[in-house]
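K.L.:
fold the following.
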Amino acid sequence: MIDIKHLKTISTLKETGSLVNTARELFLTQSALSHQIKDLENKLDCQLFERKTQPVRFTPQGMLLLELASDILPRVEATKCRLKESLNQPISQLRLSVECHACFHWLLPTIKEFNNFWPDIKVDYERGFSYDAIPDLMEDELDLVLTSDIREPDKLEYAHLFDFKLKLIVAPDHELAKKAYVTALDLKDETIISYPIPKERQDIFKHFIQNARFDGTLKTVDQGLLIFQLVSAGMGVAALPDWLVTPYESQGLIKSIPLGALGLSRPMYLAMKKNMKDNPVYRHFLNTCKINNGR
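P.N.:
You can find the predicted model right below:
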């Protein structure tokens, strides 16, 4: 009654947030996609999501189907990979680096799940964070890089994982906490706390403040928890991905504010050599990242 294609459709709908983007991702017409979903809802005798919501809001029944998809699809992909394991040079390790400190929040569980299917392949992330890991990927010193910035697109493959919102976080009693959103001018004299990344590579400067005047201070720290503690204590503000912000905001420790009236969205990519984009092991790691990124 429930086919793999149905699970893939529901999973893609959650990932993209809209029927239009889901149809594009699955190479279907919107009419064909709508018919497929309606047929499934008729078979199950329930509605899977609320129409005319953006992003799509799933019903309790839809959430149950999403749970099934999260369980089944990685197993299907892993089985496909094993069936294609007859590679000339079997892969024994994946050397990984990340250009986003906050990615470790969901990356480590992803690696654990990947290794449940591929116990003989070591995911080597000893290099951990690097603000500029692409040169090492180009020199074959790495196999995979998590990044938000596309460089050397003619030589490397960038597989899109997801988009995320970058949020400004402030202390609950900060003067900016009551604003519906902040502008670059609002940050002119602030102390901005960040991971130790060059200013020109930081999203808040590169894509938000840009050429606006900044007379404030840039303070760098190594640990994400320390960033939240400093912000909560009123010692500065910070810009972090929404998935990392939510748990602390729910405890009332900080307040998050959109960067700009429309918010600041950034992509996350998995970069690899072009000749590896169809490798089954790489594809499985890619798909596991998509499912376990905390979105």
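
K.L.:
what about the residue nearest to Lys277 when sequence neighbours are not counted, how many neighbours?
P.N.:
Distances taken as Cβ to Cβ, 6 or more residues apart in numbering place Glu157 nearest to Lys277, at 4.3 Å, with adjacent residues excluded. No exception for glycine: its C-beta is placed from N, CA and C like everyone else's. Glu157: 16 surrounding residues under other Cβ atoms under 10 Å.

K.L.:
for the stretch 151-295 of the chain, which segments are assigned as helices?
P.N.:
203, 224-232, 242-250, 280-291 (DSSP state H, counting those that start in this stretch).

K.L.:
which residues touch the residue nearest to Lys277?
P.N.:
Neighbouring residues of Glu157 by Cβ atoms under 8 Å, 6 or more residues apart in numbering: Ala271, Met272, Lys273, Lys274, Met276, Lys277.

K.L.:
out of the residues you listed, which one has the weakest pLDDT?
P.N.:
In this model, the minimum pLDDT among those belongs to Lys277 (85).

K.L.:
that residue contacts Leu156, correct?
P.N.:
No - using Cβ atoms under 8 Å, Lys277 is not in contact with Leu156, being 9.5 Å away.

K.L.:
who's more crowded, these two?
P.N.:
A direct count of neighbours by other Cβ under 10 Å for Lys277 and Leu156 places Leu156 higher, at 20 against 15.

K.L.:
without its sequence neighbours, what residue ends up closest to the more buried one?
P.N.:
Spatial nearest neighbour of Leu156, excluding adjacent residues (Cβ to Cβ, 6+ apart): Ala271 at 5.3 Å.

K.L.:
can you pull the contacts of the one you found?
P.N.:
Ile134, Leu137, Leu144, Val145, Leu146, Thr147, Leu156, Glu157, Tyr158, Ala159.

K.L.:
which among those count as buried?
P.N.:
Taking 16 or more other Cβ atoms under 10 Å as the criterion, what is buried in the contacts of Ala271 is Ile134, Leu137, Leu144, Val145, Leu146, Thr147, Leu156, Glu157, Tyr158, Ala159.
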